[in-house]
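**Student:** build me a model:
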Amino acid sequence: MGMVNWMSFEQVLNDKVKETENVIGAYLPKEQGWAKTVMEAMNYSVNAGGKRLRPMLMAETYKLFGGREKVIEPFMAAIEMIHTYSLVHDDLPAMDNDEYRRGRKTTWVVYGDAMAVLAGDGLLNFAFETALKSFEMPACDAARKARALSILANKAGIYGMIGGQTADIEAENLGSQVTQEHLLFIHEHKTAALIQAAMMVGAVLAGADDAQVELVEKAAYEIGIAFQIQDDILDVTSTLETLGKPVGSDAKNNKTTYVTLRGLEEAMQEQKDMSNHAVALLKSLEEKGFQNSFLIELIESLITRIR
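**Tutor:** Sure, this is the predicted structure:
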C-alpha cells in the first residue's frame, strides 16, 4: 500500500470535514416551539464533532462513480444522524454508561436519560425525513433514490446495526464463551453495516451497476471490521485526552473484543490486512476508469488513526 502524503492529505481532509459539516448543519432542525428541548439535544449530539467518516465515504464513493449532483447531500446528513443516534443511545446508563464522548459530556448527562432517548429517536426518524428530501431534487431517477433508501433502512435496522447492538449486549454476559464468529457478527452489523450503507448509497445514486455495488459492499465490510478492530485497540492503548472518550470501557463492561480474543499484535495485523485488501478492491475499479485518490487515502489513514 502506498504511503499517504500526510501534509496535503490532512489539509484536504480538514476541508472535506468542514464541507461535510456544512451539509449536515443545513439539514438540522430549527430549535423552536414546544419540542425545542429535544431539537436542542439532537443538535447538541450531532454538533459534538467527530470524523464525519460515513458521510465522507458516501460522498467520495458517489464521486468515484461520477456523481456530481447535490442529491447526495440529504443522504449524507441522514447517515450522520443515524450514526449519532446510535451513539446517544450507546452512551446511556442502561447501555455503556459513558459520561464523555469526543471530549465533552454525553447527551444523557446534559439533558437527562429521558430526553437523550427522545433525542436518539428523533434523530433516527428525522434521518429518513431528511433522506426523503432527495425526491424533491431533479438529479437521478426515483428508482435509484428508493434503492438507496432501502439500503439505508436495512443496514441501520434489525438486519444491520441494531442486530449488531443486540448481539453485543448479549455477549457481555457470555465472557470467554464469545467466539470469533460471534464477534465478527457484532462487528459486521454494529459497525460495518453503516459504512456499507454509506458507500453503497453513494455508488447507487451515482449509477454504479450491480457488480460494482457488490464490490463496494465487500470493501466496506472490510473497512468496517478494520475500523472496529482499531477502536478495540485504541480502547486498550489510548488515553481519554487523545481519544476524547473514556478508555478501558470494554474491560469495564466485560466486553470480548478482537484484542481480548486474539491479542494486541494479531489484532493490529488483521486490521492492516483487511484495510489493505479493501484498498485493493477499490483500486481494481481503476481498470474501468473509476478513480478517487482521496477516497483511497482516507481508507489508508484509518489504519494509523489515534482517535
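**Student:** look up phi and psi at residue 105.
**Tutor:** phi -60, psi 140 (degrees, to the nearest 10).
**Student:** look up how far residue 47 lies from it.
**Tutor:** For residue 105, the distance to residue 47 equals 13 Å [Cβ to Cβ, to the nearest Å]. (C-beta placed from N, C-alpha, C; glycine too.)
**Student:** please, where are all the helices along the stretch 151-300 of the chain?
**Tutor:** 161-171, 180-187, 193-206, 210-237, 240-243, 249-252, 258-262, 264-283, 293-301 (DSSP state H, counting those that start in this stretch).
**Student:** give me the distance between residue 232 and residue 14.
**Tutor:** 27 Å.
**Student:** looking at those two, which is more packed in?
**Tutor:** residue 232 (23 against 10; other Cβ atoms under 10 Å).
**Student:** mind listing what that one touches?
**Tutor:** With contact set as Cβ atoms under 8 Å, 6 or more residues apart in numbering, residue 232 has these partners: 250, 257, 258, 259, 267.
**Student:** who wins on neighbours among the residues you listed?
**Tutor:** residue 258 (24 neighbours).
**Student:** surely that one touches residue 268?
**Tutor:** No - applying Cβ atoms under 8 Å, one finds residue 258 not in contact with residue 268, separated by 9.4 Å.
**Student:** list residues touching both of those two?
**Tutor:** Joint contacts of residue 258 and residue 268 (Cβ under 8 Å, 6+ apart) are residue 233.
**Student:** okay, now residue 37: neighbour count?
**Tutor:** For residue 37, using other Cβ under 10 Å, the count is 14.
**Student:** before we move on, what about the one 4 residues further on?
**Tutor:** Counted by other Cβ under 10 Å, the residues lying close to residue 41 total 25.
**Student:** which is the succeeding secondary structure element to the helix or strand hosting it?
**Tutor:** Assigned by DSSP states H and E, residue 41 belongs to helix 36-46. On the C-terminal side of helix 36-46, the closest following helix or strand by DSSP H and E is helix 53-64.
**Student:** what's that next one packed up against?
**Tutor:** helix 6-27, helix 72-90, helix 193-206, helix 210-237, helix 293-301 (3 or more Cβ pairs under 8 Å, 6 or more residues apart in numbering; DSSP states H and E).
**Student:** buried deepest among those, which one?
**Tutor:** Ranked by average neighbour count under the criterion mean count of other Cβ atoms under 10 Å, the helices and strands packed on helix 53-64 are headed by helix 193-206 at a mean of 27.
**Student:** who does that helix touch, helix- and strand-wise?
**Tutor:** helix 53-64, helix 72-90, helix 142-156, helix 161-171, helix 210-237.
**Student:** how far off helix 53-64 does that helix point, in degrees?
**Tutor:** Angle of helix 193-206 versus helix 53-64, following axes from the mean of the first three to the mean of the last three Cα atoms, to 10 degrees, is 30 degrees.
**Student:** the helices and strands packed on helix 53-64: which one's closest to residue 57?
**Tutor:** helix 193-206 (4.5 Å; Cβ to Cβ).
**Student:** tell me the average confidence for the closest one?
**Tutor:** Per-residue pLDDT values over helix 193-206 give a mean of 98.
**Student:** got the CA positions of it in PDB?
**Tutor:** Output in PDB follows, covering the C-alpha atoms of helix 193-206 (Å, rounded to 0.1, in the frame of the first residue of the first chain):
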ATOM      1  CA  ALA A 193     -23.200  -2.100   8.300                       C
ATOM      2  CA  LEU A 194     -23.400   1.700   8.300                       C
ATOM      3  CA  ILE A 195     -20.100   2.000   6.400                       C
ATOM      4  CA  GLN A 196     -21.500  -0.400   3.900                       C
ATOM      5  CA  ALA A 197     -24.700   1.800   3.700                       C
ATOM      6  CA  ALA A 198     -22.700   4.900   3.200                       C
ATOM      7  CA  MET A 199     -20.600   3.600   0.300                       C
ATOM      8  CA  MET A 200     -23.400   1.600  -1.300                       C
ATOM      9  CA  VAL A 201     -25.700   4.600  -1.300                       C
ATOM     10  CA  GLY A 202     -23.000   6.700  -2.900                       C
ATOM     11  CA  ALA A 203     -22.500   4.100  -5.600                       C
ATOM     12  CA  VAL A 204     -26.200   3.500  -6.200                       C
ATOM     13  CA  LEU A 205     -27.000   7.200  -6.500                       C
ATOM     14  CA  ALA A 206     -24.100   7.700  -9.000                       C
END
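**Student:** tell me the angle it makes with helix 180-187.
**Tutor:** For helix 193-206 against helix 180-187, the angle by the same axes, to 10 degrees is 50 degrees.
**Student:** what about helix 193-206, distance to the chain center?
**Tutor:** 11 Å (Cα atoms, centre = their mean, to the nearest Å).
**Student:** residues in contact with residue 305?
**Tutor:** Residue 305 neighbours (Cβ under 8 Å, 6+ apart): residue 230.
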